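1. kindly return the folded structure for what I paste below:
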Amino acid sequence: MAARGRCPECGSASLVEDAHYAQQQLVCAACGCVLSEGLLTTTYTDEEHLREVAYSQSTGQKEQLSRCLQRGIRRVQDLCKVLKLPAAFEETAVSYFQRALELPAFHLVSLEKKELLGGCCVLVTCRQRRWPLTMGTVCSLLYAKQELFASVFLSLQRELGLSVPALSLADLVTTHLSSFRLLQPSANIPAPFLEDKEQLVARTMAIVELASDTWLVTGRHPVPVVTAAAFLAWQSLRPGPRLSCPLARFCRLAGVELPPPAQLRLKELLEILLAMASQLSWLRAFRLDKRTVVKHVGDLLQHRLFLLKRAFSQQDGLEQQDTGLGDSPAQGPPSSPAVPQQQGCPSAGQQQQRGTLRPLLPPCLLQPRKRLRAAAPSAAGAAVTGDEPISDSEIEQYLRSPEEIRAFRKAKAWS
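-> Modelled structure (predicted):
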């Protein structure tokens, strides 16, 4: 591009502007004299008057962002190809990435976070389109830490104002089980351990719904719950040769990692199944345990709602006490069984009965963790008499409705 003025060496008017990397230089085309160098400019007006500007406002900074944008777009496209996402997903993810890089919040972040920004855009796109993709899958592809990835994901969601729906358990079950090697014939997997994908997904979904109905999913990481449910479903579909296979070996054969809480989730699911089995008349004659109850998972799931209502009903005695009916002598003791025990039943003494059943509560209320020992009261704390006024901002946490009071009494009685 030609510029105004003449060369001070030869007097030629053929002056051109040459971009050396990110710096504009004014050079004489006739003799090669450099009239100016190292001046960072951002507009044609600044270039004409050779005005020095800050590097953050210069064309060099814009070119650097452009290179960063190009690398990020290629990274987003490569990730979409690896995940075999539709073309519309790729376009949406690229647009999110371009919008994010235009925000000042992502200009001065570390290079590692910029590397993860493309993966976050892909995850947001899949969540919005109801495509089953987990954060752990993206982190494994990017070799990233989940804590750092989650922070970038939340920043992207906040800065762009995006509405990202949570991944449903049904989508997670389908995604998690699709990677199981037990669904495809292989030389390393015994023939009795192979299973049909549709049957395994359907049975696992039913067990996950059971776990959701019994408070085993709320507030917990879903992957251990899905892993334990898939293991029970796999055993129940062909219990003969599979009952002797432990959870750790199942995960090795399936080619997935064993999350540590999966053992606890498996134990809780088996306890729920045993309580439900105690309400089926044709199963009371068997001495069922946590191993043999797996054989009857299909029957238990078929009558899930009815068995849950019988096995985990609200205590009649406590309800009568709350309403004042428990003091009537005609009502009898609150622990009197509503369902009589059958004579000659081997497990009759161990059967849970309707009058003494615990309510269906979250595990955190049934088995509360030990509280830390309170510190010694200070001199200021010892002077508290209980007559101090309560502020308006704190009084709401002391108010309880009648329903909350009854629920608290029931939880306290079984804690």
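
2. nearest residue to Leu308 other than its sequence neighbours?
-> Asp213 (6.2 Å; C-beta to C-beta, 6 or more residues apart in numbering). Every residue, glycine included, has its C-beta placed from N, CA and C.

3. now Gln98. Nearest residue, chain neighbours left out?
-> Leu69 (6.7 Å).

4. name the element that neighbour belongs to?
-> Using DSSP states H and E, Leu69 sits in helix 59-83.

5. give me the mean pLDDT for that helix.
-> The average pLDDT for helix 59-83 rounds to 76.

6. stretch 248-263 now?
-> 90.

7. what of stretch 284-294?
-> On average, stretch 284-294 scores 86.

8. start at 478 instead
-> Yep, numbering from 478; the last one is stretch 761-771 now.

9. buried residues, it. List them.
-> Arg761, Phe763, Leu765, Val770, Val771 (16 or more other C-beta atoms under 10 Å).

10. same check on stretch 696-707?
-> Arg697, Pro699, Val700, Pro701, Val702, Val703, Thr704, Ala705, Ala706, Ala707.

11. can I get the CA coordinates of that stretch in PDB?
-> Output in PDB follows, covering the C-alpha atoms of stretch 696-707 (Å, rounded to 0.1, in the frame of the first residue of the first chain):
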ATOM      1  CA  GLY A 696     -27.500 -35.600  45.500                       C
ATOM      2  CA  ARG A 697     -25.100 -38.300  44.300                       C
ATOM      3  CA  HIS A 698     -22.800 -38.800  41.300                       C
ATOM      4  CA  PRO A 699     -24.900 -40.800  38.700                       C
ATOM      5  CA  VAL A 700     -22.100 -42.900  37.200                       C
ATOM      6  CA  PRO A 701     -21.700 -45.200  40.300                       C
ATOM      7  CA  VAL A 702     -25.400 -45.700  40.400                       C
ATOM      8  CA  VAL A 703     -25.600 -46.600  36.700                       C
ATOM      9  CA  THR A 704     -22.600 -48.900  37.100                       C
ATOM     10  CA  ALA A 705     -24.200 -50.800  40.000                       C
ATOM     11  CA  ALA A 706     -27.500 -50.900  38.200                       C
ATOM     12  CA  ALA A 707     -25.900 -52.300  35.000                       C
END
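
12. what does that stretch rub up against?
-> 611, 613, 646, 649-650, 653-654, 657, 677, 681, 684-685, 688, 693-694, 724, 728, 731, 733, 735-743, 746, 839, 841 (C-beta atoms under 8 Å, 6 or more residues apart in numbering).

13. ok so Trp608 is a strand residue?
-> No - assessed with DSSP: H, G, I helix; E, B strand; the rest coil, Trp608 is coil; it does not lie in a strand.

14. let me know the closest of the buried residues of stretch 696-707 to Pro845.
-> For the buried residues of stretch 696-707, the residue nearest Pro845 by C-beta to C-beta is Arg697; the value is 15.9 Å.

15. helix or strand with the lowest mean pLDDT in the chain?
-> helix 793-800 (a mean of 42; mean pLDDT, DSSP states H and E).

16. C-terminal to it, what's the next element?
-> Going down the chain from helix 793-800, the next helix or strand is helix 840-843, by DSSP H and E.

17. give the buried residues for that next one.
-> For helix 840-843, by 16+ other C-beta under 10 Å, it's Pro840, Leu842.

18. so which elements touch that helix?
-> helix 879-891 (3 or more C-beta pairs under 8 Å, 6 or more residues apart in numbering; DSSP states H and E).

19. need the buried residues of stretch 761-771 in TSV (columns: distance to Ser755 and secondary structure).
-> Below are the buried residues of stretch 761-771 laid out as TSV (distance: C-beta to C-beta, whole Å; DSSP: H, G, I helix; E, B strand; the rest coil):
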residue	distance to Ser755	secondary structure
Arg761	7	coil
Phe763	11	coil
Leu765	8	coil
Val770	10	helix
Val771	15	helix
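
20. save the residues you listed as TSV, and put in distance to Phe583 too.
-> Below are the buried residues of stretch 761-771 laid out as TSV (distance: C-beta to C-beta, whole Å):
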residue	distance to Phe583
Arg761	63
Phe763	62
Leu765	57
Val770	53
Val771	50
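
21. and which of the residues you listed is nearest to Leu560?
-> For the buried residues of stretch 761-771, the nearest to Leu560 is Val771 (34.9 Å; C-beta to C-beta).

22. now for the closest one: which residues touch it?
-> Leu709, Gln712, Ser713, Pro716, Leu720, Leu747, Leu750 are the contacts of Val771 under C-beta under 8 Å, 6+ apart.

23. state the next helix or strand along the chain beyond whichever strand or helix holds the last one.
-> Per DSSP H and E, Leu750 falls inside helix 739-754. Next along the chain after helix 739-754, taking DSSP H and E as the criterion, comes helix 774-779.

24. for Val703, which non-adjacent residue is spatially closest?
-> That would be His653: by C-beta to C-beta, 6+ apart, it lies 5.2 Å from Val703.

25. look up the pLDDT of the one you found for me, please.
-> Reported pLDDT for His653: 83.

26. any idea how far Trp891 is from it?
-> 33 Å (C-beta to C-beta, to the nearest Å).

27. neighbour count for those two, which is higher?
-> Using other C-beta atoms under 10 Å, the more surrounded residue of His653 and Trp891 is His653, with 24 against 14.
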